Each structure stands twice: as C-alpha cells, then as structure tokens.
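Chemist: sequence below, structure please.
(one chain, ligands or ions: 2)
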Amino acid sequence: MAIERTLSIIKPDAVKKNVIGKILSRFEDAGLNISAMRFALLSKDDAAGFYAVHKTRPFFNDLVEFMTSGPVCIQVLEGEDAIKKNRELMGATDPKQADTGTIRADFAESIDANAVHGSDSAENAAIEIAYFFPSMNVYSK
Ligand code: ADP
Ligand code: MG
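Modeler: Ligands and ions are numbered 1, 2, ... in the order given. Model prediction:
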C-alpha cells in the first residue's frame, strides 16, 4: 500500500463540542500522522471555493452557511492508504447510517452537522491540501 496524504476538517459542530482531541486521537490510533494543522474561520468565499464540486447541489447554500458558522480545525493526515482509512474512520455522510464506532456515529448529529470532512480521492486530496496549506507547511515523517 502506498503512503498517501489526505485532507481532514473537524467541522464547526465538533469544534464547538470540544472534541478536537478525541477526533485527532482516532487518526493517530489508526496509524495516521498529523502532518499539518491549522484553525480557520472560513469566509463564504473560502467555503464555496472548497466545496465548488457541490455548487449545483440543493444543499450547497446550507453547507456553506454551516461551514462558516464557527471555527474549523484543518489537518493533513499522512500514512498508508490514508484516504480510504480516513473515510472508514469517518463513517457514512449521514451519521444515522454510519457504522458503530466511527467518528460520525459518535460525534455527529445530522447530515448537515456531521463533524468531519475527508478527501474522497487522491486527486481531490491534492487539490484540497493545496487549498489550505503551502507545501512548506506540510511535513513527512
Ligand atoms: P462527505 O462529506 O461524506 O464526503 P459529500 O461530499 O457527499 O459527503 O457532501 C459534502 C457535505 O455536504 C457532507 O459532509 C454534508 O455536510 C453535506 N451534505 C451532503 N449531502 C447532504 C444532504 N443530502 N443534505 C444536507 N447536507 C448534505
Ligand atoms: Mg465529499
């Protein structure tokens, strides 16, 4: 398996719940390294640019509203099979459908406020990491 990088965002609902540390522990316990991290209070343009692939979806405006409702904590995770591994740790988009023990099952309330974002492909991971982190701010172990 290849060493990959993926972009993770702890969304405003989880930051407000004070569970950043608990979520970061899930990544570390699964063997993923936190290779970069920052907080941000996204503007509407920041959030709309990040979620541009969803701009024609009916939930787009609500998604931008939610992602700008409070600070987010953004990480680059690195490790073997990091993109898929993070998606498994996150669980399904709708926390009601998420497997027991996943981040969304344990910390999310609804499909809107679902605790975390994770890149869904190598191509999108590269785009999303570059959106938030200059390469000099991402380290490899
Ligand atoms: P994921 O975050 O699991 O990759 P998507 O990329 O499909 O999910 O959607 C991006 C985000 O948009 C989701 O995490 C969720 O916050 C929101 N979202 C997706 N589908 C819906 C929906 N049907 N209603 C409301 N919000 C949604
Ligand atoms: Mg997605």
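Chemist: ok, Ser8 - contacts?
Modeler: Shown in contact with Ser8 (CB atoms under 8 Å, 6 or more residues apart in numbering): 27, 74-77, 86, 116-119. From N, CA and C alone the C-beta is placed, and that goes for glycine too.
Chemist: ok, Gly91 next?
Modeler: Counting by CB under 8 Å, 6+ apart, Gly91 has contacts 97-99, 102-105.
Chemist: tell me how far it lies from Val15.
Modeler: For Gly91, the distance to Val15 (CB to CB, to the nearest Å) stands at 18 Å.
Chemist: now do Val116
Modeler: In terms of CB to CB, Val116 sits 11 Å off from Val15.
Chemist: between the two, which one's more packed in?
Modeler: Val116 (26 against 19; other CB atoms under 10 Å).
Chemist: near ligand 1, from the contacts of Ser8?
Modeler: His117 (CB under 6 Å from any ligand atom).
Chemist: please consider this matter closed, and thank you.
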